[in-house]
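1. mind looking at a prediction? Sequence and model below.
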Amino acid sequence: MKNTTTDIVRLCESWWDKLAVATRLEQQTFIRRLLALLGWEQPIPFSPQPGAEQLGAVPWLLRAEDQTTVAAYFLPPGTLEPPSAVMERGLDFCWATRTLCAETRSPGIHYVLVTDLYRTYLYDARTDELLAGTDDPRAFDAEIAPALRRECMDQGALQDLRRQPRSAVARRLREWSQRWTDTFVLRGRVLDETAALALERLYVVRYLAEHDILRRTRWRLQKRFEDLIVLAENTPGRESGCGARLVRLFHDMWLDWRIDLFAPVPELDAMLGRDDVAGPWLREAALLAQNKFTIPTILESFNHGDPAEKMRVRMVPEENEERDSYLAVQTLDTVDGARIEIDLAEEGYRAVFHWFDRVVALYDRLNLDFDHHARSAAPKTVELDLFEWSEIDARRPAACTNRLAHACAHGIGIYHADARQYRTARLLLTLHLISAYSGRHESVDRLPGLDTVFMRRPAAMSAGRVMGVRRMPQQADADSH
């Protein structure tokens, strides 16, 4: 019986030995022989997209019995960067694999394999997650080939591949962000806080790419960002204007959509306006997979440094009977003034999501109550006209009219003890708002402002504030003395 392990390694290495004189026909011969060694005697050819064609890719589909499908791209030797070098920089793609994965997005494609018969990348096509990367044929044969063998794919071997834990993904995101924060501080001569703000803005842009909530712009935001990346990639080391265009994009996100994170910061604009800073940053930012830009992963990326801050990242919100009772007794007459206050120092960052959602759930419940009462009070035999309904609707509490915006303006307050807590919570709440609008299938002209949400934590918190509910004015005055 043949030793197919030896055959696979020998085949790939022999291809590289003759790559200087190899033709495209010979390349296809080697590809077919490799696929045959993996049990794919009749792979399905498909036409390459423009990017794949430009790379000289030979594409095939590998389809298992359960319809799990791999789009396999075979590139000319030397096209791919070593995966180890890519991952060492905290990235998920090289430019070739990014191009191919972007062109392969389809509900019918589940995995993407990219190889030049020496270096190999395997991705989950639905999340862009890099599942495995190998630098040489022997590693490919040991780590990737077993899952690609036809009989193994038929048994679900690809689904059984071990995924990176969220902590590892978050660590790579943190290390990449910290590397660029240090670069901005050194080259841009800005403070750490200013440099970190650039990364926070990137998180929001990438998160918005998966959530279509901006009513007037829809996907034009993402198109502008993608165009910037193309410009930065096509003009490395040259003046291209990508820095100035990036600053304009960030300015528009403040001017048009009022996203607080994008409020003008002159020193940040000056740094990002430089092509020699913005260009390399944009080129690398494009090589991060979308699975890094989820709220749980971004939150986990802050799980480092000061032990107290690490605790705030990990803390699970506790039940609070006083808050629960306070929310339970709210009515249509009192809800507009209801407010929950959170102390980040004591409750951690997850409390922001928990209590924000509880406040919005209160608004949803009372909104249903209002509609029920309005219908019950309407004459049974008379159909309301538009003017009559408008008169009734005008009596709806403000909290029930624009629920997420009212929660930000009046329903929730967050105490922060320092700049790091403020920036972290502001970023997380911004992402949570985007997620909430998307989950409710609501689009907006602009995000709610957060000016009234965040408050500096007093040196000594009063009992009422610690419990986190709004007190009557006379009680608040008594607490302060």
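-> Done, it's in. Numbers count the residues shown, from 1 in each chain.

2. output the longest helix belonging to this structure.
-> Here the longest helix in the chain is taken by residue count, with DSSP state H as the criterion, and it is helix 350-377.

3. buried set for that one?
-> Using 16 or more other C-beta atoms under 10 Å as the test for burial, helix 350-377 gives 350-356, 358-360, 362-363, 366-367, 370. In this view, the C-beta of every residue, glycine as well, is placed from N, C-alpha and C.

4. give me the nearest residue to Lys292, chain neighbours excluded.
-> Residue nearest to Lys292 in three dimensions, not counting chain neighbours: Leu173, with 4.7 Å by C-beta to C-beta, 6 or more residues apart in numbering.

5. sec struct for Val190, please.
-> Using DSSP: H, G, I helix; E, B strand; the rest coil, the structure places Val190 in coil.

6. what do you get for Gly413?
-> strand.

7. wait, the residue nearest to Lys292 sits on Gly90?
-> Yes - the pair Leu173 / Gly90 is scored as a contact, 7.1 Å apart, by C-beta atoms under 8 Å.

8. what do these two both touch?
-> Residues touching both Leu173 and Gly90 by C-beta atoms under 8 Å, 6 or more residues apart in numbering: Leu288.

9. can you list the domains in this protein?
-> 4-154, 166-292, 302-480 (automatic domain parsing).

10. mean confidence for the shortest one?
-> For domain 166-292, mean pLDDT is 92.

11. kindly check the end-to-end length of it for me.
-> 9 Å (C-alpha to C-alpha, to the nearest Å).

12. what distance separates stretch 281-296 from the centre of its chain?
-> In this view, stretch 281-296 has its centroid 7 Å away from the chain centroid, taken as C-alpha atoms, centre = their mean, to the nearest Å.

13. surely the residue nearest to Lys292 is in a helix?
-> Yes - checked against three-state DSSP, Leu173 lies within a helix.

14. need the contact list for it.
-> Counted by C-beta under 8 Å, 6+ apart, Leu173 has contacts 90, 288, 292, 297-298, 301.

15. any idea how far it is from Leu191?
-> Separation of Leu173 from Leu191 (C-beta to C-beta, to the nearest Å): 22 Å.

16. skipping its backbone neighbours, what lies nearest Thr297 in space?
-> Nearest residue to Thr297 in three dimensions, chain neighbours excluded: Ala170, at 5.0 Å (C-beta to C-beta, 6+ apart).

17. show me the contacts for the one you found.
-> Ala170 neighbours (C-beta under 8 Å, 6+ apart): 292, 297-298, 300-301, 303.

18. list the buried residues of stretch 277-297.
-> Buried, per 16+ other C-beta under 10 Å, within stretch 277-297: 277-282, 284-289, 291-295, 297.

19. of those, which belong to strands?
-> Within the buried residues of stretch 277-297, no residue falls in strands by DSSP state E.

20. break down this structure into its strands, ranges please.
-> All strands of the chain, identified by DSSP E, fall at 44-45, 58-63, 69-74, 111-115, 120-124, 130-134, 340-343, 412-416, 454-456.

21. list the contacts of the second one.
-> For strand 58-63, the surrounding residues in contact (C-beta under 8 Å, 6+ apart) are 24, 27-28, 31, 35, 40, 43-48, 52, 69-75, 113, 148, 150, 153.

22. give me that answer again for 7 Å
-> Taking contacts as C-beta atoms under 7 Å, 6 or more residues apart in numbering, the residues outside strand 58-63 that touch it are 27-28, 31, 35, 40, 43-46, 48, 52, 69-74, 153.

23. hmm, which of those residues are the buried ones?
-> The neighbour count (16+ other C-beta under 10 Å) marks 27, 31, 35, 40, 43, 48, 52, 69-74, 153 as buried among these.

24. which one of those is nearest to Pro107?
-> Nearest to Pro107 among the buried ones among the contacts of strand 58-63: Thr69, at 10.1 Å, using C-beta to C-beta.
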